[in-house]
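> pasting the sequence and the predicted model now:
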Amino acid sequence: MAVKGFYIRSKFATLSLTGGSCSLNCFYCSAKYIASMEGAVTPDGLEKAIRAYYRRGTRGFLISGGFNERGELNLRPFLPALRRLKRELDGLVFNVHPGLPDRGTIEEMRDVIDVVDFEFAYSPKAFHAKGLKGRKREDYVRVLEDFVTYGPKYVVPHLMLGLPNDEVEEAIRIASSFKPYLLNFLVLIPTKGTPSERLRVPDPHEVLRWVELGSRLMGGRVSLGCMRPFSIKGVLDREAVSRGLVVRIANPSPEVVREFKLELYDACCSLPEEVLEGFRTT
């Protein structure tokens, strides 16, 4: 099976429902990663932005933003606008980073959201790094179960690797036990201006050990997400592809694209096969 590479260029866009603001202060983010997204902070603003992008040929949208202190994206008020857009515009694909929504919101997402990128911060250090209030690690398992049972068809658990002294095996085993169509791995980037900036870049071979476990449990249905330190990307990508550990890579290193002749797409790496053809690039 050919490995697929994903870049976001013009067929896909990222929008933040909160602009650059977030009530959490995650160890490795501190709202820096949403600051670069285009803000669409009202339902009307979101609808106008999507229609404008659509006229320019954009068909896919990653809808994200900052979370409240309980780790929830305020998505529910925006769902009617997204539902209306789905009815009126052909070929729209919506991919959402929802955090930890309640079951009612999950059920409302079912008929309008195509893909859920679910950050499964269940491992001890990943959970602690979120700085959530009024939450337990087990909430991630419960919400993932709700998504699989009541939510959109495609749910992709995302797991963070590389946090110091974290134990991620249980998280990988639990996430894979829900039999998602894809499991996505992110790798900690020590980021300037966040508490993580003092950390060393993760050892790529330690990262690969966990990717290998996930690949074995998922029958190879694993992707490397867009968060990976640049300094280890070449080694990590090449090893993951040459050893057959992944079927998808976001922002793959150019050398790996050429060496392994990756199929390229202008989209998020979570998109299901049934919609991918419209995002193929050269």
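Yep, that arrived. Numbering: from 1, shown residues only.

> which residues touch the closest residue to L132 other than its chain neighbours?
Among residues not flanking L132 along the chain, G71 sits closest, at 4.9 Å (CB to CB, 6 or more residues apart in numbering). (Glycine included, C-beta is placed from N, CA and C.) Contacts here follow CB atoms under 8 Å, 6 or more residues apart in numbering; on that basis G71 touches L24, G99, L100, K130, L132, R135.

> among those, show me the least confident.
Among those, L24 has the lowest pLDDT, at 71.

> looking at this, it is in a helix?
No: L24: not assigned to a helix; according to DSSP: H, G, I helix; E, B strand; the rest coil it is coil.

> wait, it touches G65, no?
No: distance between L24 and G65: 11.3 Å, which falls outside the contact criterion (CB atoms under 8 Å).

> ok, these two, which is more surrounded?
The residue with more neighbours, out of L24 and G65, is G65; 26 against 20, by other CB atoms under 10 Å.

> if we can go back for a sec, against R55, how distant is the residue nearest to L132?
35 Å (CB to CB, to the nearest Å).

> ok, now L188?
Computed as CB to CB, the L188 to R55 distance reads 38 Å.

> so which of those two has more stuff around it?
For L188 against R55, the residue with the higher neighbour count under other CB under 10 Å is L188, and the figures read 25 against 9.

> apart from its chain neighbours, what residue comes closest to the more buried one?
Distances taken as CB to CB, 6+ apart put G162 closest to L188, at 3.5 Å, once the chain neighbours are dropped.

> OK, contacts around that neighbour?
By CB under 8 Å, 6+ apart, the contact set of G162 is V187, L188, V201, P202, E206, V207.

> now do the phi/psi pair for it.
Its backbone dihedrals place G162 at phi 100, psi 0, with angles given as degrees, to the nearest 10.

> please apply the same query to D237.
The phi and psi values for D237, taken as degrees, to the nearest 10, are phi -60, psi -50.

> so what's the closest residue to it other than its chain neighbours up against?
Of all residues beyond its chain neighbours, the one nearest D237 is V256 (4.3 Å), with distances taken as CB to CB, 6+ apart. V256 makes contact with G5, G234, D237, R238, V241, I249, L262, according to CB under 8 Å, 6+ apart.

> state the distance from the first one to Y54.
In this structure, G5 and Y54 are separated by 25 Å, where distance is defined by CB to CB.

> more neighbours: which of those two?
For G5 versus Y54, neighbours defined as other CB under 10 Å are more numerous around G5 (25 against 18).

> packing partners of the helix or strand bottoming out on mean pLDDT in the chain?
The element with the least model confidence among the helices and strands of the chain, by mean pLDDT, DSSP states H and E, is strand 38-39, at a mean of 84. Using 3 or more CB pairs under 8 Å, 6 or more residues apart in numbering; DSSP states H and E as the contact definition, the elements that strand 38-39 packs against are strand 12-16.

> can I get the CA coordinates of the strand it packs on in CSV?
Presented in CSV, the C-alpha positions along strand 12-16 are these (Å, rounded to 0.1, in the frame of the first residue of the first chain):
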residue,chain,number,x,y,z
PHE,A,12,-8.1,22.8,2.9
ALA,A,13,-8.2,25.6,5.4
THR,A,14,-8.0,25.9,9.2
LEU,A,15,-10.3,28.1,11.3
SER,A,16,-10.4,28.9,15.0
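
> check the offset of it from the chain's centre.
12 Å (CA atoms, centre = their mean, to the nearest Å).

> for stretch 180-188, same thing?
Averaged C-alpha coordinates place stretch 180-188 at 8 Å from its chain's average position (CA atoms, centre = their mean).

> so which bits of stretch 104-112 are buried?
If you call a residue buried by 16 or more other CB atoms under 10 Å, then stretch 104-112 has these buried ones: T105, I106, E108, M109, V112.

> ok, those vs E170, which is closest?
Among the buried residues of stretch 104-112, I106 lies closest to E170 (CB to CB), at 23.6 Å.

> secondary structure element for that closest one?
Under the criterion DSSP states H and E, the helix or strand holding I106 is helix 103-109.
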